[in-house]
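[1] Quick one, structure for this:
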Amino acid sequence: MSARTAEEIQRWMAERVAGFLELTPADIDVRAPFQHYGLDSMEQLRIIGELETWLQREFEETLLRQYPTIEAVAAFLAKAG
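    Numbers count the residues shown, from 1 in each chain. So this is what the prediction gives:
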């Protein structure tokens with residue numbers, strides 16, 4: 001599978017976060033910390049699990065704490081390729 005761009009990852013993550021919160025992806029600010037949206041640890045783990053499946057890679061459970069915004073996660077993952 002080819003590497004995803006930061007923009008693709010941001011779009012995917014915004015869709016997932018919006019889905020958990022019953023918002024539209026346009027309502028999600030990719031620069032806002034995850035804690036701003038009130039995602040609990042189980043929701044964060046579900047996002048990481050879905051991200052692992054989508055990108056066919058494994059990540060630490062602390063990924064969303066290490067990179068606390070969608071923008072930061074996407075930049076890290078795109079760079080890590």
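[2] correct me, but W12 touches L55?
    No - assessed by C-beta atoms under 8 Å, W12 is found out of contact with L55, at 9.0 Å. For the C-beta atoms, the positions are set from N, CA and C on the backbone; glycine is no exception.
[3] Next, show the common contact partners of the two.
    Counting by C-beta atoms under 8 Å, 6 or more residues apart in numbering, the contacts common to W12 and L55 are R4.
[4] what number of residues lie near I47?
    Neighbourhood size, I47 [other C-beta atoms under 10 Å]: 22.
[5] Can you list phi and psi of it for me?
    Per-residue torsions, I47: phi -60, psi -50 (degrees, to the nearest 10).
[6] I'd say it and V17 touch.
    Yes - applying C-beta under 8 Å, one finds I47 in contact with V17, separated by 7.1 Å.
[7] what's the overlap in contacts for the two?
    Shared contacts of I47 and V17, defined by C-beta under 8 Å, 6+ apart, comprise L39.
[8] so where does the most centrally placed residue in the chain fall, helix or strand?
    Using C-alpha atoms, centre = their mean, the residue of the chain that lies closest to the mean C-alpha position is M13, 4.0 Å off. If you go by DSSP states H and E, M13 is part of helix 6-21.
[9] what does that helix rub up against?
    In contact with helix 6-21 (C-beta under 8 Å, 6+ apart) are residues 4, 23-25, 27-28, 30, 34, 37-39, 43, 46-47, 50-51, 54-55, 70-71, 73-75, 77-79.
[10] try 7 Å this time
    With contact meaning C-beta atoms under 7 Å, 6 or more residues apart in numbering, helix 6-21 is reached by 24-25, 27-28, 30, 37, 39, 43, 47, 50, 54, 70-71, 73-75, 77-78.
[11] Going by neighbour count, list what's buried in that helix.
    Using 16 or more other C-beta atoms under 10 Å as the burial criterion, the residues of helix 6-21 that qualify are A6, I9, Q10, R11, W12, M13, A14, R16, V17, A18.
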